[in-house]
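Trainee: Turn this into a structure:
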Amino acid sequence: MNFFDSLISESLGLIKSLSQQNFTYDENNLWNDVGYNEVILQRDTAVEFEGVGFNLITNEPTDDEIIIVGKDIPHIDGNSKFARICIIELEDTEDTQKTYNLIRKVEYTKYHVFPEGYMIRTASRSHKEAVRVSKSAVKNGIDFKKIGNLLIKKYKENKAVKGVKVIFITEPTVDFKSFEEIAHKNNDITETLNHIMNSVNFDCDTCKLKPICDEVEGMKELHFSTSSKKESN
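Mentor: As a prediction, this is how the structure comes out:
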């Protein structure tokens, strides 16, 4: 499926001209996962991020790497705007239902990553993401590279995931509003896929998601092919 590829191009375009730190995935340099979402109180917080966090799925070749745009955790004091984007390459398959199921599984993964001293609060529909980093985690050497390595490891536990690029953005000059808009479009496309794969109502004239089918290349074709299969069963 290439439904999210235009959003990937748009996201990468927004940071193309900015200074970046690039790191190859290192499975020996992971931050610890404690297995549950810790509660970090304000008095124990060293850094707080607020912004968006979302995944973009593709079948295009994607390197396992971490990209940091802006300051890393140890060099930030107080609060910071933030965006976290994971570009995830899935194995290419002609089976639409299988691909859809894989997308759901991959999205499910992000709610089960619990870095020590790194409390994540998310709102799935809006892709809003807020993070609190504890003073003890900063003292013990937490950084985005180690968090990124942990995320890549968790996603690649699914054998269908072939590559993961994790992007952390804290650069204050970045157009964070545009990333919020990309996150919104990403949610709209995902909702449309959910509707196509699960709904028995294929009346396009009354469907509120019709603009997404009209805009995203291949979505309308998927809609009609899925409709034909369901009507024949």
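Trainee: which residues of this protein fall in helices?
Mentor: Ranges of helices in the chain, per DSSP state H, are 5-15, 96-109, 135-139, 144-155, 176-198, 210-215, 219-232.
Trainee: of all those helices, which has the lowest average per-residue confidence?
Mentor: Ranked by mean pLDDT, those end with helix 219-232 at the bottom, a mean of 48.
Trainee: Check which residues of stretch 47-55 are buried.
Mentor: Residues V47, E48, F49, G51, V52, G53, F54, N55 are the ones in stretch 47-55 that count as buried (16 or more other CB atoms under 10 Å). In short, each C-beta sits where N, CA and C put it, glycine included.
Trainee: Just send those back as CSV, with pLDDT and distance to R125 too.
Mentor: As requested, those are exported to CSV (pLDDT from 0 to 100; distance: CB to CB, whole Å):
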residue, pLDDT, distance to R125
V47, 96, 26
E48, 97, 22
F49, 97, 20
G51, 96, 16
V52, 96, 12
G53, 95, 13
F54, 94, 11
N55, 94, 14
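Trainee: Save those as JSON lines, and put in distance to K110 too.
Mentor: Compiled in JSON lines, the buried residues of stretch 47-55 are given as follows (distance: CB to CB, whole Å):
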{"residue": "V47", "distance to K110": "20"}
{"residue": "E48", "distance to K110": "19"}
{"residue": "F49", "distance to K110": "15"}
{"residue": "G51", "distance to K110": "15"}
{"residue": "V52", "distance to K110": "13"}
{"residue": "G53", "distance to K110": "8"}
{"residue": "F54", "distance to K110": "9"}
{"residue": "N55", "distance to K110": "7"}
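Trainee: out of those residues, which one sits closest to V131?
Mentor: The nearest member of the buried residues of stretch 47-55 to V131, counting by CB to CB, is F49 at 4.3 Å.
Trainee: Tell me how far the closest one lies from I147.
Mentor: 11 Å (CB to CB, to the nearest Å).
Trainee: can you check I76 too?
Mentor: 13 Å.
Trainee: Of these two, give the one with the bigger neighbour count.
Mentor: Taking neighbours as other CB atoms under 10 Å, I76 and I147 compare with I147 leading, 25 against 18.
Trainee: my read: the more buried one touches Y118, true?
Mentor: Yes. Look at I147 against Y118 with CB atoms under 8 Å: they come within range, at 6.4 Å.
Trainee: Give me the common contacts of those two.
Mentor: Common contacts of I147 and Y118 (CB atoms under 8 Å, 6 or more residues apart in numbering): W31.
Trainee: which residues does the residue nearest the centre of the chain contact?
Mentor: Note on the chain: the residue nearest the mean C-alpha position is N55, at 1.9 Å, using CA atoms, centre = their mean. Neighbouring residues of N55 by CB under 8 Å, 6+ apart: I85, C86, I87, I88, V106, E107, K110, N186.
Trainee: May I have the beta-bridge partners of it?
Mentor: Listed by DSSP bridges, the beta-bridge partners for N55 are C86.
Trainee: Same check on A123?
Mentor: Beta-bridge pairing for A123 (DSSP bridges): K128.
Trainee: do you know how far it is from E129?
Mentor: Noted for A123: a distance of 8 Å to E129, by CB to CB.
Trainee: Those two - which one has more neighbours?
Mentor: A direct count of neighbours by other CB under 10 Å for A123 and E129 places E129 higher, at 20 against 11.
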